[in-house]
Every structure is written in C-alpha cells, then in structure tokens.
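Undergrad: build the 3D model from these lines:
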Amino acid sequence: MASTPVGPDELRGLVLGTLFPGFAGTDEPPQRLAELIEAGLGGVILFGRNVDPVRGDAGVTRLVSRLHALRPDLIVGIDEEGGDVTRLDVNTGSAYPGSAALGVIDDPALTHEVAASLATRLRSCGFDLNFAPVADVDVDTRNPVVGVRSFGSDPQLVARHVHAAVTGQQVRGLAASVKHFPGHGATSEDSHVTTPVVNAPRGLLERRELVPFRAALAAGVKVVMTAHIRVSALDPDNPATMSRAVISGLLRDELGFDGVVMTDGLDMHAISRTVGHAEGGVRALVAGVDALCVGGDSTNPALVEEMAGAIVAAVQSGRLPYPRLVSAVERVRALAKWRTLTVASDGDGAGDPAEVRAARRALVVRGDVTLSAAPVVLELQGEPSLAAGVVPWGMGAPLAELLPGTAVVDVHQGGTPPHALLAAYPGRPVVVSVRGIRRRPWQLDVVRAVRALRPDAVVVDHDLSDPAELGEPYVLAHGAARVTAEAVAEVLSSLAVGRTTAGRSASMHQRGVR
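TA: Coordinates of the predicted model:
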C-alpha cells in the first residue's frame, strides 16, 4: 500500500479532476452531477441530447451557464467538427462545412476564418473546449469513421489546415483538441465497435500520420485526443489510449507536447468491451493521459463513481503514482485557467459568413446541373456513422424551399427499384443525392440504374466518391452539412448564376461556385 500526502477526500477530489462525463437533459444539471462538479470534477461534455430542438443555442447557453455557476473553473466541452459531425445542429444539420470541403478548397486562410466563426458561436454559448479539428489523414477508403471528417489524403495538406483550424479556434478563446492521436485514417475498422490496427512502419508514420499532429503542436494546440487503435510499430500490445510508449514516449518525450492529453470516449467498444471504463481509465492515466472522456453513451453517475474508486485504489496501491495523478490534474487546471485569461478577438462581420463562402467554394460541378422545373430528389439513405449519429442531411429539403413542388423520396437498400420510383414522377427532372458510395455498393447500383433510365439526371455526392463512377452531370459537395446542402440547392435552382468561377478540387479543375 502506497502512502499519499493527502487525505481520502482530497485524493477523491484530485481523481475527479481527471474525469469528463456527459449527462442527460436540456434544462438543469442532474443533482448527482452537480455534486460531482462541486467535489472537483474536471469537466463535462455536452452532446446532441443536451440541445433542445426549440430553444437551440439559447437553451444550450442557459445550460452551460448553470454548469459554470456550480464552479467557474469547470471545463465544458463539445464535439463540434462541422460537416457531418455536429451537436449544436443535431436537429437541422451543421451550419459549417466539414473538413473535406475545406481541404478541397485548400485555402488555409478560409479554414482559419471558418474555425474562428465556429469558435465565436461556441464561446457565445459558454463552451471552453471543442473536440476538433480531426488530424487523421484519409488513407483507407474503407474507413467507416474518418472519411469526410478528414481534410484529405495528403499529409501536408491536412497539416496546413489543422494548423489553421487550431489557430482559428484558439484566437477566439476556445481551446482546440486535435484528434485522433497518433492517427486513425489508415484503419478499415471503427474503434466504436472494435480495436482497429495500423500496421504501417515507423518511417511511414513519420511521413504520414504524424505530420498533421506536429502542425497542431506547432500551432499551440491545447488538447490532444487519443485514438483507441493499436499501432504495431509503436506498441503492438496496447491501444494508443493506454500505451505508455505512445503517450509518454512519443507524444510527450519525442514531440514535446505538454498540454492536456484526453482520451476519446471510453464507452467506445475498444475500451468498454475489453478492459472496461474503470480499468481503461487507470491504464490511460498510467500511460500519461490527463483527462478521461467517459463517453457519449455514458450518463450514469454511478459509472463516474466506479471510475473514481478504481483510480483512487490504483493510487493507494502504488500502481498509479501520486505525482502522475497530480501532474494530470495540474494540466487540466491550467487549461481552465487559460480559458478564463484568454480574451477572444472579434470578427469583422463583413459580407457572407466564412462558412457560407467555404461551402460554395467547396462545390465541384461537372456538366449542366441547373434544373428546368421542380425535380424529384432521390436521397439514398444509409446507416449513420457512430461518430456523427443521426443528423439531418441531403439537399432535398433546401432545394424544396427554393423550388416549391420538389418531391423528396428516401431510398433504402432493397427498397423500391429506380424504374418504379421514377415512373411515379413522369416528366420531372431527376436528382440523385448520395452519401457513402465507397462503403455502400448498392448506392452505386442505384446511380447506374437511374443513369440508364435518365441520362440527364444530376448526381449530388455528399461524401468522397470517385467522380468517374458518377457519370455527368454531377456535383461534388464534399460533406453533408446543412450549409453545404444549401449551397448545392442554390446551384441546382440557378440562384448561383452570375457568380460561378473556376473551382478547384484536389485532383481536377471544374466549374465551381464561390
């Protein structure tokens, strides 16, 4: 039994300082959570379930203010990437284009503007920390969790946009958290449901995965979030979250990061269904992590107590050295202090918001996509990713607002065949809206069937499909954010006539929209 220089209550308070749980409700912090906050909880994380669909940002602002009223140095975080992953706009779709859209434009100054705009909104709601940007390089096209959340497949491109996104947020007084260290893009599996493995040699990791993280550190990022993946060249036995070699060895000693290291959600199956929350938390702290994200599916205060008890026991037994716990809590407290001392700068507020300009510029258009009348829009549905959850997507709804009479039809795998769907709308222009062809081959089959029936159909891709598979005419939207869908609707309804210019993508020059 190891001795500690503090009593049981103070030790428990220190342990709570490493924990960041979520909770249920949109009005008041639950009583048990309030007690944990007053006892020293490091922070809380809001999710889509905490956003009232009627009150929106106003309701969130009130909720966050009540959390801060319990303890002013409490860190309140949110996972607001923009694009496909949103919490504030969970009921409508994001008002900000995602990373893939910004990467295809490849204008870091614009990425900085969009990040600053998002940070301004989050700070106005009272948030202290945002779990963005994603620094993963989009390596494996089968990856079910990264895809459009990445700025792209070129490490240098990803690096310059990660740098811009970090500085854009932090200049407005919002701490950024770069993720998922040391890089989740080269996996074909999802750590929400298993423990993915990256088998790249160390040299390749240096040239690819680590490049954007080095850029984030150079930008002064406040938080690095770990990945629940095994990287064979670094530690063949342990996921990065619980690996001393990855956290203390690579991130701390080699890369020199001295800010807060936070886990990804411990409710993800790579942790919760292997060693479990409590043991995972202990192992992560031993490895060098400072803050434990309990997870989006974990709202039971009893779980926080279980984790706290396990960590206290680990300190008392000597398994988790007391100085290691203290250093973790000190980093969390330093982050809270940075937030209170940082003064956000104001934007200029001129012209269209950066996020609107970015959504328009990210579009790649090939062929004549303007519609002569209200169309029928076939929106090809698929299961949502576990990272994004269920969020409205697609350009059917905004197009219907601009072209009254537009019919929007959801299409599911194994459902009504295309010829029967189109037969119900004779003479109408046809739009096919897709999301995820590279992971859902049935969607490509539907696109080809529609093309055979209606060669003039417009295909709108909200993911990262190969344009050669879409046929012309098409629009590449590079994400499923609401603002992106609205930009597509403008183009299809001819509202963008007169402002089309030469657009860019990573591999082609087409007619685009600014």
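
Undergrad: residue contacts, the closest residue to residue 115 other than its chain neighbours?
TA: Ranked by Cβ to Cβ, 6 or more residues apart in numbering and with sequence neighbours excluded, the top spatial neighbour of residue 115 is residue 168, at 2.9 Å. Every residue, glycine included, has its C-beta placed from N, CA and C. Neighbour list for residue 168: 111-116, 118-119 [criterion: Cβ atoms under 8 Å, 6 or more residues apart in numbering].

Undergrad: correct me if wrong, but residue 168 is in a helix.
TA: Yes: assessed with DSSP: H, G, I helix; E, B strand; the rest coil, residue 168 lies in a helix.

Undergrad: all strands of the stretch 51-200 of the chain, in order?
TA: 75-78, 129-130, 175-181, 197-198 (DSSP state E, counting those that start in this stretch).

Undergrad: circling back to that earlier point, and the contacts of residue 168, which is closest to residue 94?
TA: Taking Cβ to Cβ as the measure, residue 94 lies nearest residue 118 of those, at 9.3 Å.

Undergrad: since we're on the closest one, how many residues are nearby?
TA: A total of 26 residues lie near residue 118 under the criterion other Cβ atoms under 10 Å.

Undergrad: wait, it touches residue 97, no?
TA: No: between residue 118 and residue 97 there is no contact under Cβ atoms under 8 Å: 10.2 Å.

Undergrad: identify the contacts common to those two.
TA: Looking at what touches both residue 118 and residue 97 (by Cβ under 8 Å, 6+ apart), the common residues are 82, 355.

Undergrad: ok, the closest residue to residue 238 other than its chain neighbours to residue 200 distance?
TA: The shortest distance from residue 238 to any residue other than its chain neighbours is 6.9 Å, reached at residue 230 (Cβ to Cβ, 6+ apart). Residue 230 is 12 Å from residue 200, where distance means Cβ to Cβ, to the nearest Å.

Undergrad: okay, those two: which has more neighbours?
TA: A side-by-side neighbour count of residue 230 and residue 200, using other Cβ under 10 Å, places residue 230 first with 23 against 18.

Undergrad: can you add mean neighbour count, distance to residue 379 and mean pLDDT and give the strands of the stretch 51-200 of the chain back as CSV?
TA: As requested, these are exported to CSV (neighbours: other Cβ atoms under 10 Å; distance: least, Cβ to Cβ, whole Å; pLDDT from 0 to 100):
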stretch, mean neighbour count, distance to residue 379, mean pLDDT
strand 75-78, 24, 28, 98
strand 129-130, 26, 29, 98
strand 175-181, 27, 29, 97
strand 197-198, 19, 34, 91
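
Undergrad: TSV for these, including distance to residue 63?
TA: Formatted as TSV, the strands of the stretch 51-200 of the chain follow (distance: least, Cβ to Cβ, whole Å):
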stretch	distance to residue 63
strand 75-78	9
strand 129-130	16
strand 175-181	19
strand 197-198	38
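
Undergrad: low-confidence regions, the chain specifically.
TA: 1, 190-191, 340-351, 384-389, 495-514 (pLDDT under 70).

Undergrad: what residues does the longest helix seen in it touch?
TA: Secondary structure of the chain per DSSP state H: the longest helix is helix 322-341. With Cβ under 8 Å, 6+ apart as the test, helix 322-341 has contacts from 2, 4-5, 14-15, 17-18, 42-43, 72-75, 128-129, 173, 175, 222-223, 258-261, 285-286, 288-291, 311, 315.

Undergrad: just the angle for it relative to strand 175-181, thanks.
TA: Helix 322-341 runs at 140 degrees relative to strand 175-181, counting by axes from the mean of the first three to the mean of the last three Cα atoms, to 10 degrees.

Undergrad: quick check: next helix or strand after helix 322-341?
TA: Next along the chain after helix 322-341, taking DSSP states H and E as the criterion, comes helix 354-361.

Undergrad: what's that next one packed up against?
TA: Applying 3 or more Cβ pairs under 8 Å, 6 or more residues apart in numbering; DSSP states H and E, we find helix 354-361 packed against helix 99-105, helix 108-124, helix 482-492, strand 509-513.

Undergrad: looking at the ones you listed, which is buried most?
TA: Comparing the helices and strands packed on helix 354-361 on average neighbours per residue, with mean count of other Cβ atoms under 10 Å, the densest one is helix 99-105 at a mean of 29.

Undergrad: CA atoms only for that one, dumped as PDB, please.
TA: This file holds the C-alpha atoms of helix 99-105, laid out as PDB (Å, rounded to 0.1, in the frame of the first residue of the first chain):
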ATOM      1  CA  SER A  99     -13.000  19.200 -43.200                       C
ATOM      2  CA  ALA A 100     -13.200  17.500 -46.600                       C
ATOM      3  CA  ALA A 101     -14.900  20.600 -48.100                       C
ATOM      4  CA  LEU A 102     -12.300  22.900 -46.600                       C
ATOM      5  CA  GLY A 103      -9.500  20.600 -47.800                       C
ATOM      6  CA  VAL A 104     -10.700  20.500 -51.400                       C
ATOM      7  CA  ILE A 105     -10.700  24.300 -51.500                       C
END
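
Undergrad: the helices in the stretch 251-400 of the chain, which residues?
TA: For the stretch 251-400 of the chain, applying DSSP state H, counting those that start in this stretch gives helices covering 269-272, 277-287, 301-317, 322-341, 354-361, 396-402.
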